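Enquirer: sequence plus predicted model, see below.
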Amino acid sequence: MDGAGMGTLQDSRQSLELNGETVDFLLRRSRRRRTLALRVGETGEVVVNAPHFVALGDIHRFLHSHRLWLGRQRCAARARFFAWVEGAAMPWLGSTLTLSLLPGGGCSRVQAEEGRLLCAAPPDGVPAVITRWYQRQARELLTQRLGQHASRIGRPVPPLRLSDARTRWGSLSARGVVSLNWRLVKADWREIDYVICHELAHFRQRDHSPAFWREVATLFPAWETARRELRDNTWRYFQF
């Protein structure tokens, strides 16, 4: 039967930049519908149901107003599909480590060795044990990198707080504490350096004005490429 006769119009694929990444969504318009509705499927697919008369700009604003909820739902969907199994690819400093599960007798432990991430833990404890390992590495590596960039520009090394935020890579508090997401150690050094320099630039420019981005460019000239790469890879880094 013709779709117009049922009140529905042809679906279309759209995209919008939200939460620091490009979000693809399926737009379904209907002559019968009178309100906007948003749904995230089991695999993370975003679907917007909209009346036929609503402008695309209004749909974009609707998505933007729900960006935090949408980010949480997409991350949760992706996490459900991450399999903590032998041979899983574990993002690490822009590359991957192959997960190797060892018998879990005795103390749980994790070690990176020759392209593998060795994990000895009970099956139900693997995610927590590996997450703690990532966080320990993040504390060491991000502290070193923050210190290097601060010293390079003649600024005292600011205090560092590890963040577990689901939608932000970094922030700078009013007291001068830099927060960096521990998941950054899954990214490559260009992406890590961009986030660190982004936060250091906030010491001079607290907003995101053109002056701020000029400051970022001074600290890290390749920031645009690094930011684009980080946005493209965000979904992988936030799988766990």
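Expert: Nice, I can see it.
Enquirer: what residues of stretch 19-31 count as buried?
Expert: Neighbour-count burial for stretch 19-31, with 16 or more other CB atoms under 10 Å as criterion, is recorded at 19, 21, 23, 25, 27-29. In short, each C-beta sits where N, CA and C put it, glycine included.
Enquirer: Ile59: which of these is nearest?
Expert: Of all the buried residues of stretch 19-31, Ile59 sits closest to Leu27, with 6.9 Å by CB to CB.
Enquirer: does anything pack onto the helix or strand of the chain with the lowest mean pLDDT? Which helices or strands?
Expert: One helix or strand of the chain scores below all others by mean pLDDT, DSSP states H and E: helix 67-80, with a mean of 81. In terms of contact count using 3 or more CB pairs under 8 Å, 6 or more residues apart in numbering; DSSP states H and E, helix 67-80 is assigned the packing partners strand 12-18, strand 37-40.
Enquirer: tabulate those (JSON lines), appending distance to Thr225, mean neighbour count and mean pLDDT.
Expert: Shown next, in JSON lines, are the helices and strands packed on helix 67-80 (distance: least, CB to CB, whole Å; neighbours: other CB atoms under 10 Å; pLDDT from 0 to 100):
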{"stretch": "strand 12-18", "distance to Thr225": "16", "mean neighbour count": "13", "mean pLDDT": "90"}
{"stretch": "strand 37-40", "distance to Thr225": "30", "mean neighbour count": "15", "mean pLDDT": "94"}
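Enquirer: from the buried residues of stretch 19-31, which shows the smallest pLDDT?
Expert: Checking pLDDT across the buried residues of stretch 19-31, the minimum falls on Asn19 at 71.
Enquirer: can you pull the domain assignment for this protein?
Expert: Residue ranges for the structural domains of the chain, counted by automatic domain parsing, are given in the record as 3-80, 127-237.
Enquirer: which of the ones you listed sits closest to Thr98?
Expert: Evaluated over the domains of the chain, closeness to Thr98 peaks at domain 127-237, with 12.8 Å, by CB to CB.
Enquirer: if anything else comes up later, I'll come back, but that's it for now.
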